[in-house]
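Visitor: what follows is a predicted structure for the sequence shown.
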There are 2 protein chains.
Amino acid sequence: MSTEKCFANGSAAPGPVPKGHIRLYSMRFCPFAQRTRLVLNAKGITYDTVNIHLKDKPDWFLEKNPLGLVPTLETPAGEVIYESPITCEYLDEVYPEKKLLPSSPFAKAQQKMMLEHFSKVTPYFYKIPMGRRNGEDVSGLEAELKEKLAKLSKDLANKKTKFFGGDSITMIDYMMWPWFERLETFELQHCLDGTPELKKWTERMREDPAVKVTMYSTDTYKAFYKTYVDGKPDYDYGL
Amino acid sequence: MSTEKCFANGSAAPGPVPKGHIRLYSMRFCPFAQRTRLVLNAKGITYDTVNIHLKDKPDWFLEKNPLGLVPTLETPAGEVIYESPITCEYLDEVYPEKKLLPSSPFAKAQQKMMLEHFSKVTPYFYKIPMGRRNGEDVSGLEAELKEKLAKLSKDLANKKTKFFGGDSITMIDYMMWPWFERLETFELQHCLDGTPELKKWTERMREDPAVKVTMYSTDTYKAFYKTYVDGKPDYDYGL
């Protein structure tokens, strides 16, 4: 697509997905959609992006995915895939170059169990900023998040590897990364103070080409999330 | 194992998992563990069962799985796998006989998306009985459940197949079945009144050998769930 600007209701539908491409319906700042963007980039897949105005979704998008979720993938055959871990696993199976999930069933199950644990971490990135905005005391939530990050750091230390699936980046690293990229944005950087292993992991992740190319600066995130918590998200911020 | 009786804290740990076996930590009436039992039976896998007293879990079980969840699988190598969909996919990968998940990445993604939808259905089987027990009006919850089942029935009618993944049973059917088996137990049978396709599917499912062998009678479920909602679950009911 020639534009990064989001498509709102009333906008003309994009044409069919070109042969040899895959299309990602996304929102530039969505951490779940970033998972899919990371995998697309890491694997060098040719894709186009259609960003969606999540507060005013086009009818043609809701026809493709009645749940209106991003990330959603669409193939040239009109197949539609959503839910971030499902999109990522689908991409890893269809595009065999640079496999991100391990081939051993147990190692794959381990990554899925880690992801299941991590799904208990992501809600804090919503609850803490919203709580602060409403003037609530979020110190309890911050302590819970710290505890969960400490557990992750301990797991990584026990593995004695650079990344969560070994000494190179695998799927689970990309599945967790987007929230770490936003720690500073949400003034939660201090939650990594007692977790040296995890901190080192974030430094290694920042060196990864797919991470670099899908990343926004903390200033950009801060500006976007300000509009988000104020209830008027500016999906085109910075364009 | 020679006993179906549950292991509570203080009980002697079972020995190592014999070579060529896999062990399932389970609870006889748990619908999530039944998913794994269905897959084990459908694929003809040799396994032993260790039922766990979920209100008084043995320390040796918590050492294997600190979350204390059933179903949990353990291999002779001491590998531990939990979360019902993860255990089922693991079994389907390790034991290639009678594959339950489709090999096409898109068909597999479809089953996972269906499972994600279905995860919004299962909580009603807890909320409705608990609400009734507390004397609450559950008609709203029942209406919501009916709507979700109607959607499932419509999806099946649109597919024009006997089961959710085609004309023979596949993984998604087993993932959903345990809750349908309990409809009558929870006096929710009437929720299938307006869903003829789904009703026919339940009749077909009841003919499946793995369903037959993992099933309990409605009388047994009723007796167990009575002890459950009263806060003193009799995990050994009927033994």
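Guide: Thanks, I have it.

Visitor: chain B contacts on chain A?
Guide: Contacts of chain A with chain B, taken as CB under 8 Å from any CB of the partner chain, map to A:75, A:79, A:81-83, A:86-87, A:89-90, A:93-94, A:105-106, A:108-109, A:112-113, A:116. C-beta: built from backbone N, CA, C; applies to glycine.

Visitor: can I get the buried part of these as one ChimeraX selection?
Guide: Buried residues within the residues of chain A next to chain B, by 16 or more other CB atoms under 10 Å in any protein chain shown, are selected in ChimeraX with:
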select /A:75,79,81,82,83,86,87,89,90,93,94,105,106,108,109,112,113
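
Visitor: among the residues of chain A next to chain B, which are located in strands?
Guide: A:Ile81, A:Tyr82 (DSSP state E).

Visitor: in helices only, show me the residues of chain A next to chain B.
Guide: Among those, DSSP state H puts A:86-87, A:89-90, A:93-94, A:105-106, A:108-109, A:112-113, A:116 in helices.

Visitor: now, among these, which is nearest to B:Arg204?
Guide: A:Ile86 (26.7 Å; CB to CB).

Visitor: for that closest one, which non-adjacent residue is closest in space?
Guide: In space, not counting the residues next to it along the chain, A:Ile86 is nearest to B:Lys112; the distance is 4.7 Å by CB to CB, 6 or more residues apart in numbering or on different chains.

Visitor: what residues does the one you found make contact with?
Guide: Listed by CB atoms under 8 Å, 6 or more residues apart in numbering or on different chains, the contact partners of B:Lys112 are A:Glu83, A:Ile86, A:Glu89.

Visitor: and the first one, what does it touch?
Guide: It stands for A:Glu83. Contacts of A:Glu83 by CB under 8 Å, 6+ apart are A:Leu69, B:Lys112, B:Met113, B:Glu116.

Visitor: nearest to A:Asp219, of those?
Guide: Closest to A:Asp219, out of all of the contacts of A:Glu83 and judged by CB to CB, is A:Leu69, at 27.8 Å.

Visitor: how much space between A:Lys112 and A:Val70?
Guide: Distance from A:Lys112 to A:Val70, counting by CB to CB, to the nearest Å: 22 Å.

Visitor: is it true that A:Lys141 touches A:Lys127?
Guide: No Lys there; residue A:141 is Leu. Yes - between A:Leu141 and A:Lys127 there is a contact under CB atoms under 8 Å: 5.7 Å.

Visitor: thinking again about what came up before, could I get the contacts of B:Lys112 as CSV with distance to A:Lys151 and pLDDT?
Guide: Formatted as CSV, those follow (distance: CB to CB, whole Å; pLDDT from 0 to 100):
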residue, distance to A:Lys151, pLDDT
A:Glu83, 25, 97
A:Ile86, 26, 98
A:Glu89, 24, 98
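
Visitor: can you put the residues you listed in JSON lines and add distance to B:Lys222?
Guide: Shown next, in JSON lines, are those (distance: CB to CB, whole Å):
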{"residue": "A:Glu83", "distance to B:Lys222": "35"}
{"residue": "A:Ile86", "distance to B:Lys222": "37"}
{"residue": "A:Glu89", "distance to B:Lys222": "39"}
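
Visitor: where in chain A is pLDDT low?
Guide: A:1-2 (pLDDT under 70).

Visitor: where do the strands of it begin and end?
Guide: Using DSSP E, strands in chain A cover A:22-26, A:47-51, A:72-74, A:80-82.

Visitor: need the contact list for A:Pro209.
Guide: By CB under 8 Å, 6+ apart, the contact list for A:Pro209 reads A:Asn41, A:Ala42.

Visitor: and A:Gly10, by the same measure?
Guide: A:Pro58.

Visitor: now do it against chain B, distance only.
Guide: A:Gly10 sits 28 Å away from chain B, taking CB to the nearest CB, to the nearest Å as the criterion.

Visitor: for that residue, grab phi and psi.
Guide: Torsion angles at A:Gly10 (phi, psi; degrees, to the nearest 10) stand at phi 100, psi -20.

Visitor: domain parsing of chain A, as residue ranges.
Guide: Chain A breaks down into these domains under the TED database: A:22-99, A:105-207.

Visitor: which of these sits most buried?
Guide: Among the domains of chain A, domain A:22-99 has the highest mean neighbour count (mean count of other CB atoms under 10 Å in any protein chain shown), at a mean of 19.

Visitor: what's the local residue count around A:Lys19?
Guide: Using other CB atoms under 10 Å in any protein chain shown, A:Lys19 has 8 neighbouring residues.

Visitor: ok, now which ones touch the residue nearest to it when sequence neighbours are not counted?
Guide: Sequence neighbours aside, A:Pro76 is the residue nearest to A:Lys19 in space, at 5.1 Å (criterion: CB to CB, 6+ apart). Counting by CB under 8 Å, 6+ apart, A:Pro76 touches A:Pro16, A:Val17, A:Pro18, A:Lys19, A:Gly20, A:His21, A:Ile22.

Visitor: which of these ranks first by neighbour count?
Guide: Scoring the contacts of A:Pro76 on neighbours with other CB under 10 Å, the highest-scoring entry is A:Ile22 at 22 neighbours.

Visitor: from chain B, how far off is the closest residue to that one other than its chain neighbours?
Guide: Closest residue to A:Ile22 apart from its sequence neighbours, by CB to CB, 6+ apart: A:Tyr47 at 4.9 Å. Applying CB to the nearest CB, the value for A:Tyr47 to chain B is 16 Å.

Visitor: A:Tyr47 reaches A:His21, doesn't it?
Guide: Yes - shown here, A:Tyr47 and A:His21 form a contact pair, counting by CB under 8 Å, at 6.1 Å.

Visitor: sorry, back to before: reformat the contacts of A:Glu83 into CSV and put distance to A:Ile52 next to each item.
Guide: Shown next, in CSV, are the contacts of A:Glu83 (distance: CB to CB, whole Å):
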residue, distance to A:Ile52
A:Leu69, 9
B:Lys112, 22
B:Met113, 18
B:Glu116, 19
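
Visitor: now, the most widely separated pair of those?
Guide: Pairwise distances across those peak at 13.8 Å for A:Leu69 and B:Lys112 (criterion: CB to CB).

Visitor: look up the closest residue to A:His116, ignoring the ones flanking it.
Guide: Wrong residue type there; residue A:116 is Glu, not His. In space, A:Glu116 is closest to B:Glu83, 5.4 Å off (CB to CB, 6+ apart).

Visitor: please enumerate the helices of chain A.
Guide: Taking DSSP H as the test, the helices found in chain A are A:31-42, A:59-64, A:84-94, A:105-118, A:124-133, A:139-159, A:171-181, A:196-206, A:209-214, A:218-229.

Visitor: tell me who's in contact with the residue nearest to A:Ala42 when sequence neighbours are not counted.
Guide: Nearest non-adjacent residue to A:Ala42, counting by CB to CB, 6+ apart: A:Ala210, 4.0 Å away. Counting by CB under 8 Å, 6+ apart, A:Ala210 makes contact with A:Leu38, A:Val39, A:Asn41, A:Ala42, A:Tyr174.

Visitor: ditto for A:Leu54
Guide: A:Met27, A:Cys30, A:Gly68, A:Val70, A:Pro233, A:Tyr235.

Visitor: how many neighbours does the spatially closest residue to A:Thr185 that is not a sequence neighbour have?
Guide: Leaving aside its chain neighbours, A:Thr185 sits nearest to A:Tyr221 (3.9 Å; criterion: CB to CB, 6+ apart). When neighbours are counted by other CB under 10 Å, A:Tyr221 registers 19.
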